[in-house]
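Novice: Provided below are the primary sequence and the corresponding predicted coordinates.
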Amino acid sequence: MRIRILAAFALIAATVASAEEFVFSTPSDDRWFYPFNFNPGRRPVASCFGTAGMPGFNDRDGTVIIAWSTSSLIAPGQGPDAYDVTSIRLTMTNVPGAEWAIDLTPDAWYTFDLNQDGFINGDGIPRGEEGDTDGESDDEDPGRPIEVFGVGFGPVRDYATWIETSGYIGSDSTTDRPRDPYPFVYQDGTGERLHCEDNVKGLHNEALGVTQFTPAPWAIGVPIGYVPGEQTTPFAIEFTIDLSASDGRVRRYVQEQLDGGRLFFYVTSLADTTMGGGQNEFPTVYMKESTDEGARPGELIVELGGGIPCDDVRKLTGRCRNGTLKSKVVFQDESHDGRQVTVKVDGTPHVLDVSGRRARLRLRNQSGSHEVCLTDPDCGLCRDVECS
Ligand SMILES: [Ca+2]
Ligand SMILES: [Ca+2]
Ligand SMILES: [Ca+2]
Ligand SMILES: [Ca+2]
């Protein structure tokens, strides 16, 4: 009997320790978020393009807001810390006929037509160099990346009540206005949310001391099997969210939204448009309403658990000075920033936050000898520490 109980326990432990993948093949909400969408929330395709630098239009003009209800597979309301998120991947599917160039790196804000003369870097001289009159530089790599950002709400919309048919808020061809919801990245240092919809014109972040800037997206779309100009079938664009970005704040965003039961992302591109050009000039992806052959709605894959691999743990240290026991877990890199580990001291667990590449423990008023062990992840690492 005892053996069977142990066996059952081992099985549960193994299940907990291995990663689990949750696939959400249809979004709860997907919408082309664009001022001139006359079928809001229900339009079967959505194009991502920019009108960078143009007054009255958001730089990120044709955009997608997409959300998946995660509560059917991942119970909400457990508190953000309960969600041991190890990977988040999105897949969007582009319509056939695409001609846009593939670009897998962000483009600087000054590689767009800032002065609206119809040319990018019309003077041919890089920004800031002698003779530069337009403040613009060439876009060295053809095309514009497809970028994913967080979804910020306010002042009117909110996370709990926004749905795909909620009315459009943003620039409308006459007035510069922030989008609501808006794409955002976290500001370095402060952790505040920086609006990204007008990062080329440099609007909406004045209160944070930021004007024109080049945001680092949470993911860049990678087209799969796409041949520009010769693409007769739909193709996938895959995004892997950088959970370690912004000191783990991106991972925290995901944890909070899994706790809330709906996970939101903004899909945008500053892809240039030309007069009379069609939807094949820039990424155009299916929404869940499409019934076209080969159409697939946006898919989300959430991977939870699995813990931190032991290969990623460099060492466990332990020492004691003047009655203060100090221990730290050091990782190979910063990829686990924002996650948690458990260190036991004489059998008493201490849950520690990983910050950068380290998790630190500090216990005052210690004496005698102590055993410090890293138990989650369980890599068989222990240290004997002597406090005088
Ligand atoms: Ca929709
Ligand atoms: Ca120009
Ligand atoms: Ca120039
Ligand atoms: Ca480019």
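Specialist: Sure thing, it's come through. Ligands and ions are numbered 1, 2, ... in the order given.
Novice: from here on, contacts and neighbour counts on C-alpha atoms
Specialist: Will do.
Novice: how close does the residue nearest the centre of the chain get to residue 248?
Specialist: Computing the C-alpha centroid of the chain and ranking residues by CA atoms, centre = their mean puts residue 218 first, at 3.4 Å. Separation of residue 218 from residue 248 (CA to CA, to the nearest Å): 11 Å.
Novice: hmm, back to that, residues in contact with the residue nearest to the centre of the chain?
Specialist: 147, 148, 149, 150, 185, 241, 242, 243, 245, 250 (CA atoms under 8 Å, 6 or more residues apart in numbering).
Novice: next structured bit after the secondary structure element (helix or strand) that residue 23 belongs to?
Specialist: Per DSSP states H and E: residue 23 is located in strand 20-24. Where DSSP H and E defines the elements, the next helix or strand beyond strand 20-24 is strand 29-33.
Novice: quick one: the helices in the stretch 101-250 of the chain?
Specialist: Remark: helices assigned in the stretch 101-250 of the chain by DSSP state H, counting those that start in this stretch are 249-260.
Novice: circling back: for the strand holding residue 23, what is the average pLDDT?
Specialist: In this model, strand 20-24 has an average pLDDT of 95.
Novice: Same question for it: list its buried residues.
Specialist: residue 24 (16 or more other CA atoms under 10 Å).
Novice: got the contact list for that strand?
Specialist: Here strand 20-24 has contacts from 68, 70, 73, 74, 299, 300, 301, 302, 303, 304, 305, 306, using CA under 8 Å, 6+ apart.
Novice: quick one: which of these is nearest residue 165?
Specialist: residue 68 (14.9 Å; CA to CA).
Novice: What's the local residue count around that closest one?
Specialist: Around residue 68 there are 21 other residues, counting by other CA atoms under 10 Å.
Novice: who are the neighbours in contact with it?
Specialist: Contacts of residue 68 (CA under 8 Å, 6+ apart): 24, 26, 27, 28, 29, 262, 263, 264, 300.
Novice: Run the angle between whatever helix or strand it lives in and strand 29-33 for me.
Specialist: Assessed by DSSP H and E, residue 68 sits inside strand 60-69. Strand 60-69 and strand 29-33 meet at an angle of 170 degrees, taking axes from the mean of the first three to the mean of the last three CA atoms, to 10 degrees as the criterion.
Novice: Can you pull out the low-pLDDT segments for the chain?
Specialist: 1-18 (pLDDT under 70).
Novice: Residues of it that sit close to ligand 4?
Specialist: Contact residues, the chain versus ligand 4 (CA under 5 Å from the ion): 141, 142, 143, 144.
Novice: follow-up on the earlier one: now which of the contacts of residue 218 would you call buried?
Specialist: Buried among the contacts of residue 218 by 16+ other CA under 10 Å: 147, 148, 149, 150, 185, 241, 242, 243, 245, 250.
Novice: Same list, those residues, but only the ones touching ligand 3.
Specialist: Among the buried ones among the contacts of residue 218, no residue sits close to ligand 3 (CA under 5 Å from the ion).
Novice: wait, which of the residues you listed is closest to ligand 3?
Specialist: Comparing those against ligand 3 with CA to the ion places residue 147 closest, at 25.1 Å.
Novice: beta partners of the closest one?
Specialist: Judged by DSSP bridges, the bridge partners of residue 147 are residue 220, residue 268.
Novice: was I right about it contacting residue 215?
Specialist: No: if you go by CA atoms under 8 Å, residue 147 and residue 215 don't touch, sitting 9.8 Å apart.
Novice: Domain map for this structure?
Specialist: For the chain, automatic domain parsing gives the domain ranges 17-107+143-304, 310-387.
Novice: Adding distance to residue 119, write the ones you listed out as a markdown table.
Specialist: Below are these laid out as a markdown table (distance: least, CA to CA, whole Å):
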| stretch | distance to residue 119 |
| --- | --- |
| domain 17-107+143-304 | 11 |
| domain 310-387 | 40 |
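Novice: Next to ligand 3, which bits of the chain? Give me the list.
Specialist: 121, 125, 126, 127, 132, 134, 136, 137.
Novice: For the buried ones among the residues you listed, write the corresponding ChimeraX selection.
Specialist: Per 16+ other CA under 10 Å, the buried members of the residues of the chain next to ligand 3 correspond to this ChimeraX selection:
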select :121,125,126,127,132,134,136,137
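Novice: Nearest to ligand 4 within the stretch 251-388 of the chain, name that residue for me.
Specialist: residue 271 (8.7 Å).
Novice: measure that residue to residue 291 for me?
Specialist: Taken as CA to CA, the span from residue 271 to residue 291 is 26 Å.
Novice: And these two? Which one has more around it.
Specialist: The neighbour comparison of residue 271 against residue 291 (other CA under 10 Å) goes to residue 271, with 25 against 12.
Novice: Would you mind measuring from residue 186 to residue 316?
Specialist: Taking CA to CA, one finds residue 186 at 31 Å from residue 316.
Novice: got it, and residue 290?
Specialist: Plainly put, residue 290 is 53 Å away from residue 316 if you go by CA to CA.
Novice: out of those two, which sits in the more crowded spot?
Specialist: A direct count of neighbours by other CA under 10 Å for residue 290 and residue 316 places residue 316 higher, at 20 against 16.
Novice: Provide the partner residues of the residue nearest to that one when sequence neighbours are not counted in its beta bridges.
Specialist: In this structure, residue 316 finds its nearest non-sequential neighbour in residue 329, 4.6 Å apart by CA to CA, 6 or more residues apart in numbering. According to DSSP bridges, the partner residues bridging residue 329 are residue 316, residue 359.
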